[in-house]
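Q: need coordinates for the following:
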Amino acid sequence: MINGERGLRMFVMKQSGANTIQVARDARQQIELLKQDLPPDIKLELIMDTSDFIKGSINNLSQTLLWALLFVVLVVLFFLGRWRATLIVVITIPISLIVSFVYLYITGNSINVISLTSLSIAIGMVVDDAIVVLENITKHIERGSSPREAAIYATNEVWLAVIVTTLVVVAVFFPLTLIGGMTGVLFNQLGWIVTITVTTSTIAALSLTPTLASRLLVMRVKKEKPKRWSYQKTIEPLFKEFEKSYGNTLNWAINHKLIVVLLAAVIFGSSIYLIRFVGTDFMPESDQSRITASIELQTGTRVEETSKVARKFEKIIMDKFPEVQVMAVSSGSDDEGSMFSVFSTPGSNIINIMMRLHAVDERERSVWELADRLREEVVQFPEVITANFDMGGAGMAGTSNTVDVEIYGYDFDITNTLAEQIYERISKIDGASDVMISRKKDKPELQVVLDKEKMSRHGLNTAMVSNMIRNRMSGMVASRFKEEGDEYEIRIRLAEEYRNSISHLEELTLLNPMGNKIKLKEIGKIEEYWGPPAIQHKRKERVVTVSAKPNNTSLGELATAISQSIADVEVHPDVAIVMAGAYKEQQESFADLALLMLISLILVFIVMASQFESFTMPFVIMFSIPFAFTGVILALLITGTTLSVVAALGAVLLIGIVVKNGIVLIDFTNLMRDRDMALNEAILAAGQSRLRPVLMTAFTTILGMLPLALSTGEGSEIWSPMGITVIGGLVFSTIVTMVLVPVMYGIFARRGERDRLQKLRKNFDFLD
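A: Modelled structure (predicted):
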């Protein structure tokens, strides 16, 4: 039934490697052509189109990308106060994006959720190098240098820091192209796009930016009385005051190093304690505007009774759920299998419902709220044994968001009993919904046990007897009837009253090759038997799975509760229990991300050590990384977001993002010390001088990710956690970078290489 009327369903499936949106578009065009020739009493209604969610997600991400671009432009204009300088910085964005699209075209990749998310991440980072270069050029111009001289000398001062920051980002993102497992499959494109985009932006920052600056920037003429609402009168004094306040704070921190270090340790330790309150998930579930329900009645329920229950439930949905736009209900499907069995479970006692909902922005309730209400309605039906609701899978992974308990064993009785025990325990856990046993209840069957000796006396064999029984029970195709080009089978079998009991079956008349009539009971007997409808195998062993979905809880919390619940279950020596499902994939993905984090840390350290020619400086800069994770934990707690693979990946990517500011700060401090400044004076001068570019790069990345984090449209649940983690980590690490990193520099540099160089210089001066 489709929207309460009798209907026929047709499924269109794309070939492997084909584009979903293109196939759906072509299918819709053909449907429109078919509608023109259909009779007026026949309607074509779309039940489900997976391309709708994909198109909605891409449109939503495209808007997010444009908002990110606008925010980046406004930040640059606010901090620099020059529209020419803003134009120079912004030019690096289209150049970098064009190169990324060229990569997609050459490799044959499509514009999808991953590629657009990658661009949203990169758009706030591609301007960082240009900001550092241009800000330094602007500073030289304000000191009296000509634009050409400023472009040359200012670029020479920061080119090393720019290259190092890019290599650090590449060291974090490029390993994504090499990692395996589900994480590698999902985020390979992310690694390539960000690596290519950031590398392009660096080349542009060191070549195009100085060139444009030398041509477009001009020296500001200081007016005796600037306009009341001019940049110099309003914004510039605020920056000066902020730099002064920061200088006082940094001066206090340098003179109270022990207090700062202890305070930082307490903050980091507290965040480690808070991580226990953050739930974990595999992939964020997304509202795809569709719900699929599979409702099972008592085994052996007749098709007519199943249809009655289906009609009742169908009426409830139509009356109480206005969010449902189109609904298709099938009940009592036969066990012979059909195309629909690919998408749902068939059976005379099974009701399958497919619901297409209105778009996310056109309804108040989410799919999860609707599913909870549907579960409450199902409970009212005493005929229902189990009910399972699927909301379209777990985001990008395409797998069901479940915790599975797999029971391996050969003996059906033992594994069935154990599965029932585990099912009962999981059903009592708060937060566990749609608890299911994969192995259906044993079905009543009739077995015909033949006596081979008696068969041989009558000249019969097993094949002959079974064929005659099948013809009488299921029917034999005697002929075909043709009418107006259509062909129908003419099937002959016994009337139902002669095949609906064991006694009638025993009276079946069989013919032997000699033409003699023999009763079935003369050559065998009929026995009642209960057998499983299907036997599942995994790793070449029989397996039965008990699965549960989290409801108002995280996947990790549910898995922990299930593990504790079944810990004391007695297990037969020949039976093994394994935790699997999305939880297992989550654990494997977290292990892959942990390896990625370790590789990234090592590569980042190697890159910085080679550029600074020191093991101390990279160690000092990397002090900001742990506090980025502190910011991540706080952001997840504040927003109530779980730590999924997407959020964890965002935390790993922070390694390359947060050290950029530390590199710029430390590199300029080294430059000040090379100019014979005292240690504390060099730290203060570098901190105040680099405050504005550090804040600019931090704010461009933060505001570039803000639309990603705040997005509420279709598919936003997938990428929003990454935006939240990056923003939280970057906000906290930026504050730490500007205070803790200079303090650590002051601690380690007293015994560092530069002090030894100073000593050597004094010795040479003494000898001269």
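
Q: show me where pLDDT drops low in this structure?
A: Within the chain, the stretches with pLDDT under 70 are 17, 181-182, 219-232, 333-347, 392-400, 532-533, 713, 750-768.

Q: any idea which helix or strand comes after the biggest helix by length in it?
A: For the chain, the helix reaching the highest residue count under DSSP state H is reported as helix 181-216. Per DSSP states H and E, the first helix or strand lying C-terminal to helix 181-216 is helix 231-255.

Q: next secondary structure after that next one?
A: helix 257-274.

Q: quick check: angle from that next one to helix 231-255?
A: With axes from the mean of the first three to the mean of the last three Cα atoms, to 10 degrees defining the directions, helix 257-274 sits at 100 degrees from helix 231-255.

Q: neighbouring strands - and their directions - for the helix or strand just after helix 257-274?
A: The helix or strand immediately downstream of helix 257-274 is strand 290-297, counting by DSSP H and E. Sheet pairing here is set by DSSP bridges, and for strand 290-297 it gives strand 347-357 (antiparallel), strand 384-390 (antiparallel).

Q: which residues sit in contact with the residue lying closest to Met473 once chain neighbours are set aside?
A: Using Cβ to Cβ, 6 or more residues apart in numbering and skipping residues adjacent in sequence, the residue nearest Met473 is Arg499, 5.7 Å away. For the C-beta atoms, the positions are set from N, CA and C on the backbone; glycine is no exception. Shown in contact with Arg499 (Cβ atoms under 8 Å, 6 or more residues apart in numbering): 472-473, 493, 505.

Q: I figured Ile490 hits Ala478, correct?
A: Yes - contact status for Ile490 versus Ala478: in contact at 5.3 Å, counting by Cβ atoms under 8 Å.

Q: count of neighbours near Arg9?
A: Residues near Arg9, counting by other Cβ atoms under 10 Å, number 14.

Q: how about the residue lying closest to it once chain neighbours are set aside: which residues does it bridge to?
A: Among residues not flanking Arg9 along the chain, Ala328 sits closest, at 6.1 Å (Cβ to Cβ, 6+ apart). Ala328 forms beta bridges with Ile2, Met354, as assigned by DSSP bridges.

Q: let's have the chain start at 30 instead
A: Yes, from this point I'll number from 30; that puts the last item at Ala357.

Q: Ala357 and Ile76 touch, don't they?
A: Yes - the criterion here is Cβ under 8 Å, and Ala357 meets it with Ile76 at 4.9 Å.

Q: between these two, which contacts overlap?
A: Counting by Cβ under 8 Å, 6+ apart, the shared contacts of Ala357 and Ile76 are 31, 38, 383.

Q: got JSON lines for those, with distance to Asn690 too?
A: Below are the shared contacts of Ala357 and Ile76 laid out as JSON lines (distance: Cβ to Cβ, whole Å):
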{"residue": "Ile31", "distance to Asn690": "58"}
{"residue": "Arg38", "distance to Asn690": "57"}
{"residue": "Met383", "distance to Asn690": "51"}
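
Q: nearest to Phe130 among those?
A: Of all the shared contacts of Ala357 and Ile76, Met383 has the smallest distance to Phe130: 37.0 Å, by Cβ to Cβ.

Q: look up how far Gly110 lies from that closest one.
A: 58 Å (Cβ to Cβ, to the nearest Å).

Q: with Ile667 instead?
A: 33 Å.

Q: between these two, which one's more packed in?
A: It is Gly110, of Ile667 and Gly110, that has more neighbours when counted by other Cβ under 10 Å, with 18 against 10.

Q: now do the phi/psi pair for the more buried one.
A: Backbone torsions of Gly110, given as degrees, to the nearest 10, read phi 70, psi 10.

Q: Phe100 reaches Pro736, doesn't it?
A: Yes - the pair formed by Phe100 and Pro736 meets the contact definition of Cβ under 8 Å, at 7.3 Å.

Q: comparing the two, which residue is more hemmed in?
A: A direct count of neighbours by other Cβ under 10 Å for Phe100 and Pro736 places Pro736 higher, at 23 against 20.

Q: name the element that one belongs to?
A: Here Pro736 is assigned to helix 708-739, by DSSP H and E.

Q: quick one: the next helix or strand after that helix to chain centroid distance?
A: Downstream of helix 708-739, the first helix or strand assigned by DSSP H and E is helix 745-778. Offset of helix 745-778 from its chain centre (Cα atoms, centre = their mean, to the nearest Å): 23 Å.

Q: and the angle from helix 745-778 to helix 260-284?
A: 60 degrees.

Q: quick one: the strands in the stretch 330-479 of the chain, in order.
A: 353-362, 376-386, 413-419, 432-437, 461-466, 472-479 (DSSP state E, counting those that start in this stretch).

Q: in a markdown table: these, plus distance to Gly153.
A: Formatted as a markdown table, the strands of the stretch 330-479 of the chain follow (distance: least, Cβ to Cβ, whole Å):
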| stretch | distance to Gly153 |
| --- | --- |
| strand 353-362 | 38 |
| strand 376-386 | 34 |
| strand 413-419 | 36 |
| strand 432-437 | 36 |
| strand 461-466 | 39 |
| strand 472-479 | 59 |
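
Q: figure out which of these is closest to Gln616.
A: Smallest distance to Gln616 across those (Cβ to Cβ): 11.2 Å, for strand 432-437.

Q: what lies in contact with the closest one?
A: For strand 432-437, contacts defined as Cβ under 8 Å, 6+ apart pick out 444, 447-448, 451, 455, 567-568, 570-579, 584, 587-588, 591, 595, 604-613.

Q: what's the separation between Gln593 and Asp705?
A: Gln593 is 65 Å from Asp705, by Cβ to Cβ.

Q: same question for Glu164.
A: For Glu164 relative to Asp705 (Cβ to Cβ), the value is 24 Å.

Q: ok, those two, which is more surrounded?
A: Per other Cβ under 10 Å, whichever of Glu164 and Asp705 has more neighbours is Glu164, with 24 against 10.

Q: I'd say the more buried one and Val105 touch.
A: No - judged on Cβ under 8 Å, Glu164 makes no contact with Val105 at a distance of 9.7 Å.

Q: shared neighbours, the two?
A: Common neighbours of Glu164 and Val105 (criterion: Cβ under 8 Å, 6+ apart): Met725.

Q: how far away is the nearest residue to Gly361 once chain neighbours are set aside from Leu103?
A: Leaving aside its chain neighbours, Gly361 sits nearest to Val332 (3.3 Å; criterion: Cβ to Cβ, 6+ apart). To Leu103, Val332 is 65 Å away according to Cβ to Cβ.

Q: kind regards, and thank you for your time.
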